[in-house]
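In: 3D model of this:
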Amino acid sequence: MSFTAGQIVEGKVTGITNFGAFVELAPGTTGLVHISEVADVYVKDINDYLKMNDSVRVKILSIKDGKIGLSIRQAQPGGGGRHTQQSFEDKLSKFLKDSDERQAALRKNWEGKRRGKGGFSQFRG
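Out: All right, here's what the predicted structure looks like:
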């Protein structure tokens with residue numbers, strides 16, 4: 001079977017590594033899905049998304065020197081992997097909440113040092 005970049009095909013996971021997964025597209029033809037192309041979210045452990053012998057839909061990104069680059073996330077109509085895609089607003093809301101919590105913790109730590117509970121202020125005469 002002949003494959004071209006941009007084509008979306010079905011394949012079977014034949015190998016999993018810490019950097020991606022190997023997917024057999026046809027007998028004797030295997031490509032690599034890099035870990036960054038598994039889902040639209042950060043993937044820390046690829047095993048949370050893929051298992052051996054999983055049937056997956058992939059987009060062929062590149063074919064160069066006999067190596068085939070694949071993407072699962074780009075082959076999905078509304079997101080990637082087994083997790084749902086977050087909207088921009090959801091991501092922004094989470095970022096702002098995390099940022100506010102970090103700033104509050106920093107302010108609390110800073111105020112404690114200014115009151116003489118730490119730092120060099122306790123040595124002032």
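
In: is it true that Ile68 touches Phe3?
Out: Yes: because the distance of 6.9 Å satisfies CB atoms under 8 Å, Ile68 is recorded as touching Phe3. (Each C-beta comes from the backbone N, C-alpha and C, glycine too.)

In: common neighbours of those two, please.
Out: Common contacts of Ile68 and Phe3, defined by CB atoms under 8 Å, 6 or more residues apart in numbering, comprise 25, 29, 60.

In: who wins on neighbours among these?
Out: With neighbours set by other CB atoms under 10 Å, the maximum within the shared contacts of Ile68 and Phe3 is found at Ile60, which has 21 neighbours.

In: ok so, going back, neighbour count for Ile68 and Phe3, which is higher?
Out: Neighbours per residue (other CB under 10 Å) separate Ile68 from Phe3, with Ile68 holding more: 21 against 14.

In: which parts of stretch 10-23 are buried?
Out: Going by neighbour count (16 or more other CB atoms under 10 Å), the buried part of stretch 10-23 is 11, 13, 16, 20-23.

In: could you list the domains of the protein?
Out: Structurally, the chain divides into domains by automatic domain parsing as follows: 8-75, 88-116.

In: ok, the residue positioned nearest the centre of the chain to Phe88 distance?
Out: Within the chain, the residue whose C-alpha comes closest to the C-alpha centroid is Tyr42; the distance, by CA atoms, centre = their mean, is 2.3 Å. In this structure, Tyr42 and Phe88 are 16 Å apart, going by CB to CB, to the nearest Å.

In: and Ala26, by the same measure?
Out: In this view, Ala26 and Phe88 are 37 Å apart by CB to CB.

In: more crowded one of the two?
Out: Relative neighbour count places Ala26 above the other of Ala26 and Phe88, with 11 against 7, counting by other CB under 10 Å.
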